[in-house]
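Peer 1: build the 3D model from these lines:
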Amino acid sequence: MKTLKKELKNKILEAMRKGRIEERDGVCRFSESIGRIPRGTVVIGRRIVYGYPKIRRIFSLCRGAEKNLDPGEVWVEEKIDGFNLRAVHEGGEIYCISRGGFLDFFATEKVSVDKGVQKFFKKFPSHILYLEMIGNTPYTPPTRKFDVKYYVFDIGNGKRRFLGPEERMELCRKFGLECVPLLGKVKRRETGKLKRIAITLNKRGGEGMVLKQHMPRRVLKYVVPSSEIRDLGENSNMIFDMPAGFMKQRVFRSAISVSELGLNKKEYDMRMGEALHKRLYPAIRSGGEVSEGFEIFVKKLETWKKVLEHMSSEVKIEVGSEKREMGGIRIKFKKIYKKGSRRIRRAVEGYAQTD
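Peer 2: Modelled structure (predicted):
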């Protein structure tokens, strides 16, 4: 605090008085941006870990690249549909912090025992690994193919600077860490190549791409239409639980992409219509239950208790099973979304509602 400018220091003190900076699990979390300090910033031990900067989204791939990137080489990396984490080393321990600034006990248990991660932080203790985690987590669809995976999409030097893609990939190779897949390197003007990458990604069911340049740093994200429609289908039963713009944005973005990429409009119109009703029908047949199923494997029961503590009050947790296996506990559970379940149940039961 001593090194902060007086005006910013006063803003922080005022935010603390109003509860906008909170302490939880021994971590001070900035629940909103304060001056140049972004939301999700945390103070853990003796260090500040800044929130990851927001990445601007482009709706039109080619025109967006032309307008927002510098001339020259662009690294095209795959956008992974997982949940965002920062792995840090502090006080001899490795911790994972969520995008919102919470200490994530589940991810910490998984990542902290990774030999490659341990070796990385032994060499670079002040660096930060920015990860996207998928698999059998409390937030992503379960799979039988593996437990969890995490991909490094950025590495920070601990001073709000990011390593270039080439250096990051080299470090990941050196320490046995998995980088987000590189889809290609193109020149900004090579929009035809960008479109071909997007069409290939769309066909194989990927989420999208991140376009990166280094020095000066430029980062853009773009999501392919099949992913937008898939999101709508998988979340159609949560129509009353999602933010207002969730569906509107995806309908709009997919229409732009279908047109730009020259895809079959009739096919995508049909897929869009099916997606909007996909999970609403089962919710209606079940009497209004809006839910998602998850499966996780944890070493310690305490980790599961911490996961439960951090679940939103808007969600009811229904545990299906807790089975002890070699090395830990496998837990199957369901998140039941209270607001959406109540709205759909009352509609199915015939209650009148004001629009």
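Peer 1: from now on I want contacts and neighbour counts done on CA atoms only, so please keep to that.
Peer 2: Will do.
Peer 1: just the residues contacting stretch 210-226, thanks.
Peer 2: 55-59, 61, 68-70, 73-79, 164-165, 198-199, 201-203, 205-209, 253-255, 257-258 (CA atoms under 8 Å, 6 or more residues apart in numbering).
Peer 1: what about it, average pLDDT?
Peer 2: For stretch 210-226, mean pLDDT is 97.
Peer 1: quick check: buried residues in it?
Peer 2: 210-214, 219-226 (16 or more other CA atoms under 10 Å).
Peer 1: picking up where we left off before, can you select the buried ones among the contacts of stretch 210-226 for me in PyMOL?
Peer 2: Only the buried entries of the contacts of stretch 210-226 go into this PyMOL selection, using 16+ other CA under 10 Å:
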select buried, resi 58+59+61+69+70+73+74+75+76+77+78+79+164+165+198+199+201+202+206+207+208+209+253+254+255+257+258
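Peer 1: taking the contacts of stretch 210-226 one by one, which sit in strands?
Peer 2: Judged by DSSP state E, the contacts of stretch 210-226 include 56, 57, 73, 74, 75, 76, 77, 78, 79, 208, 209 as members of strands.
Peer 1: the third one pairs with what?
Peer 2: Using DSSP bridges, the beta-bridge partners of residue 73 come out as residue 187.
Peer 1: OK, contacts around it?
Peer 2: 185, 186, 187, 188, 213.
Peer 1: would you mind measuring the gap between the ends of stretch 48-58?
Peer 2: 31 Å (CA to CA, to the nearest Å).
Peer 1: and residue 10, how many residues sit next to it?
Peer 2: By the measure other CA atoms under 10 Å, the count of residues near residue 10 is 12.
Peer 1: distance of it from residue 51?
Peer 2: For residue 10, the distance to residue 51 equals 20 Å [CA to CA].
Peer 1: how distant is whichever strand or helix holds residue 232 from the center of its chain?
Peer 2: If you go by DSSP states H and E, residue 232 is part of helix 225-234. Here helix 225-234 is found 16 Å from its chain centre; the criterion is CA atoms, centre = their mean, to the nearest Å.
Peer 1: buried set for that helix?
Peer 2: Residues 225, 226, 227, 228, 229, 230, 231, 232, 233, 234 are the ones in helix 225-234 that count as buried (16+ other CA under 10 Å).
Peer 1: so how far is residue 226 from the nearest residue to the last one once chain neighbours are set aside?
Peer 2: Distances taken as CA to CA, 6 or more residues apart in numbering put residue 279 closest to residue 234, at 6.6 Å, once the chain neighbours are dropped. Per CA to CA, residue 279 is found 17 Å from residue 226.
Peer 1: right, I'll leave it there.
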